[in-house]
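J.: give me a model of this one.
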Amino acid sequence: MVSEQQALISIGEVVSASEKLKGIALRTPLQFNPNLSRQFDCQLWLKREDLQVVRSYKLRGAYNKMTQFSKAERVQGVVCASAGNHAQGVAYACQALQVKGRIFMPIPTPKQKVNKVKSFGGEWVEVMLVGDTFDDAFKAAKEDEVLTGAVFVHPFNDPAIMAGQATVGMEILADMAQPIDYLFVPVGGGGLAAGIGSYLSQISPQTRIIGVEPAGAPAMYQSFQAQEVVSLKQIDKFVDGAAVKRVGELTFSICQQTLQEIALVAEGKVCSTILELYNEEAIVVEPAGALTLAVLEQYKKELQGKNVVCVVSGSNNDIMRTEEIKERSLLFEGLKHYFIIRFPQRAGALREFLTHVLGPRDDITHFEYTQKNNRERGPALVGLELENPQDFDALLARMKDYGVDYQWLNDDPMLFHLLI
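T.: Numbers count the residues shown, from 1 in each chain. Here you go, the predicted model:
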């Protein structure tokens with residue numbers, strides 16, 4: 001456990017940050033959503049930080065931090081590490097304050113985010129693509145800080161950053177006419193959660209604040225369990241805006257004091273929520289932006305009749321990821337299944353499979369022989385899409401009845417990642 005509890009971000013610090021952000025960050029809308037309210041039998045509002053100037057809340061903390069630099073620090077310039085959204089916030093602040101910046105981003109960062117960073121920063125920023133994860137980029141940025149003397153702008157573990165992010169909570173309370181029973185906030189490194197948690201716990205202590213993390217990167221969840229900050233050895237990088245191996249010492253301490261719990265959401269559920277928001281609400285969100293809505297099913301009974309706020313943290317999604325999002329959603333919902341099938345070495349085996357094994361509503365979406373030079377003896381990789389997840393057991397039963405030699409691949413992590 002941390003040796004000393006970190007003091008909460010004060011109301012004065014949040015008010016000061018709010019004043020500095022006037023004319024820079026938008027006061028994003030708090031929107032009542034009737035469809036989701038009916039679905040979860042509650043009164044549900046969305047805090048639309050996906051509509052922020054840089055399409056996420058990150059501008060708030062970055063700008064607030066950089067306004068506190070001395071003249072000498074501004075001359076030295078800034079350096080930061082980010083998977084995308086913090087980078088855009090820092091880039092925007094660099095342009096607005098005319099401060100030079102070097103921004104380190106992981107190599108797998110969606111191109112859309114990299115281009116946006118360059119667009120927001122213009123001549124004032126230089127983008128450096130390094131490593132596979134945020135943590136790799138973070139290490140490179142810290143080395144640059146030592147080498148060049150540039151001021152490091154941390155994405156979350158800094159009181160000034162947290163104070164800027166806390167203005168999200170300040171706006172929520174100012175715009176809500178009713179008391180808030182539940183507030184769901186996404187958690188990556190913990191800056192947004194610590195900031196909002198600090199403000200709401202002092203102004204609205206009756207509000208139950210729940211942090212939401214992707215199941216593949218449960219850094220804050222495991223830290224809560226261990227009662228100290230832990231480092232994850234491996235993470236699923238899909239929810240890139242919230243996928244870190246280690247949360248901040250300061251953010252952890254504040255979240256411990258202000259958040260009631262940390263909930264985990266499967267990446268596949270996040271994908272299903274992204275598609276639902278787009279198709280049913282015309283809202284475009286990035287994976288991290290869908291976390292707070294993806295978790296609601298877990299709390300459905302508790303939320304009945306309550307006033308609920310979900311922070312929609314960002315919309316910086318790359319359209320090139322759409323197919324992966326659809327694929328992950330289908331796999332999670334039990335609608336897509338991959339098999340290695342070794343068809344009998346006789347004529348008509350494939351036709352028999354199509355006629356007798358596939359159900360009337362099953363569809364082959366992928367078919368590939370694994371041995372291109374000897375198709376009669378090589379097994380085939382087959383992807384099947386079902387209309388209902390309940391059809392899966394019947395499919396397996398028919399495979400058994402007809403003696404189909406198969407291997408189901410959905411639960412094999414290595415093959416799973418090769419496929420999607």
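
J.: so residue 14 touches residue 168, yeah?
T.: No - if you go by CB atoms under 8 Å, residue 14 and residue 168 don't touch, sitting 9.9 Å apart. For glycine as for every other residue, the C-beta is placed from the backbone atoms N, C-alpha and C.

J.: identify the contacts common to those two.
T.: Counting by CB atoms under 8 Å, 6 or more residues apart in numbering, the contacts common to residue 14 and residue 168 are residue 195.

J.: so what's residue 92 up against?
T.: 53, 54, 59, 62, 63, 120, 121 are the contacts of residue 92 under CB under 8 Å, 6+ apart.

J.: so which of these sit within helices?
T.: 59, 62, 63, 120, 121 (DSSP state H).

J.: skip the chain neighbours and tell me the closest residue to the first one.
T.: Distances taken as CB to CB, 6 or more residues apart in numbering place residue 89 nearest to residue 59, at 4.0 Å, with adjacent residues excluded.

J.: ok, the last one next?
T.: Of all residues not flanking residue 121 in the chain, residue 91 sits nearest, at 3.2 Å (CB to CB, 6+ apart).

J.: which of the helices or strands spans the one you found?
T.: For residue 91, the host element (DSSP states H and E) is helix 85-97.

J.: how far does the helix or strand following that helix sit from its chain's centre?
T.: The helix or strand immediately downstream of helix 85-97 is strand 101-105, counting by DSSP H and E. Chain-centre distance of strand 101-105: 21 Å, with CA atoms, centre = their mean, to the nearest Å.

J.: before we move on, what about stretch 70-86?
T.: Centroid displacement of stretch 70-86 relative to its chain, using CA atoms, centre = their mean, is 23 Å.

J.: equivalent analysis for stretch 90-105, please.
T.: Chain-centre distance of stretch 90-105: 23 Å, with CA atoms, centre = their mean.

J.: now stretch 151-160
T.: How far stretch 151-160 lies from its chain's middle: 20 Å, per CA atoms, centre = their mean.

J.: may I see the buried residues of it?
T.: By neighbour count on 16 or more other CB atoms under 10 Å, the buried set for stretch 151-160 is 151, 153, 154, 155, 156, 157, 158, 159, 160.

J.: now the strands for the stretch 1-150 of the chain?
T.: Taking DSSP state E, counting those that start in this stretch as the test, the strands found in the stretch 1-150 of the chain are 30-32, 43-48, 78-81, 101-105, 125-129.

J.: follow-up on the earlier one: quick one: the helix holding residue 91 to strand 101-105, angle?
T.: 170 degrees (axes from the mean of the first three to the mean of the last three CA atoms, to 10 degrees).

J.: could you pull up the mean pLDDT of helix 85-97?
T.: For helix 85-97, the mean pLDDT works out to 96.

J.: kindly report the same for stretch 348-358.
T.: Stretch 348-358 shows a mean pLDDT of 86.

J.: how far off centre is the lengthiest helix in the chain?
T.: Longest helix of the chain, by residue count under DSSP H: helix 159-175. Helix 159-175 sits 20 Å away from the centroid of its parent chain (CA atoms, centre = their mean).

J.: need the next SSE after it, C-terminal direction.
T.: Next along from helix 159-175, by DSSP H and E: strand 182-186.

J.: now for that following strand, which elements pack on it?
T.: Strand 182-186 is packed against helix 191-203, strand 208-214, helix 287-294, strand 307-312, with contacts defined by 3 or more CB pairs under 8 Å, 6 or more residues apart in numbering; DSSP states H and E.

J.: residues making contact with the last one?
T.: Strand 307-312 has contacts (CB under 8 Å, 6+ apart) with 30, 40, 42-50, 57, 168, 172, 176, 178-186, 192, 196, 283, 285, 289-290, 292-293, 296.

J.: for the following helix or strand past that strand, give the mean pLDDT please.
T.: Downstream of strand 307-312, the first helix or strand assigned by DSSP H and E is helix 322-332. Throughout helix 322-332, pLDDT has a mean value of 93.

J.: do the same with stretch 405-412
T.: Per-residue pLDDT over stretch 405-412 has a mean of 88.

J.: over to stretch 253-267?
T.: 98.

J.: repeat for stretch 32-40
T.: Computed over stretch 32-40, the average pLDDT equals 98.

J.: now what about that stretch, what contacts it?
T.: Contact with stretch 32-40 is made by 43, 44, 45, 46, 280, 281, 293, 296, 300, 303, 304, 308, as judged by CB under 8 Å, 6+ apart.

J.: which ones are touching the fifth one?
T.: Taking CB under 8 Å, 6+ apart, we find residue 280 in contact with residue 35.

J.: returning to what we had before: list just the nearest of the contacts of residue 92 to residue 319.
T.: Nearest to residue 319 out of the contacts of residue 92 is residue 54 (CB to CB; 17.9 Å).

J.: neighbours of the closest one, just the number please.
T.: 29 (other CB atoms under 10 Å).

J.: check residue 327 too.
T.: 17.

J.: could you do residue 312 as well?
T.: Counted by other CB under 10 Å, the residues lying close to residue 312 total 27.

J.: check which helix or strand covers the residue nearest to residue 190 when sequence neighbours are not counted.
T.: With sequence-adjacent residues excluded and distances taken as CB to CB, 6+ apart, residue 190 is closest to residue 251, at 3.0 Å. Using DSSP H and E, residue 251 sits in helix 249-258.

J.: contacting residues around that helix?
T.: Helix 249-258 is contacted from outside by 2, 5-6, 8-9, 156-159, 162, 187, 189-191, 193-194, 197-198, 200-201, 209, 211, 220, 223-224, 229, 247, 262, using CB under 8 Å, 6+ apart.

J.: now those residues: which count as buried?
T.: Among the contacts of helix 249-258, those that count as buried by neighbour count (16+ other CB under 10 Å) are 6, 8-9, 156-159, 162, 187, 189-191, 193-194, 197-198, 200-201, 209, 211, 220, 223-224, 229, 247, 262.

J.: now the closest residue to residue 352 other than its chain neighbours: how far from residue 338?
T.: Nearest residue to residue 352, sequence neighbours excluded (CB to CB, 6+ apart): residue 402, at 7.1 Å. The gap separating residue 402 from residue 338 is 19 Å, by CB to CB, to the nearest Å.
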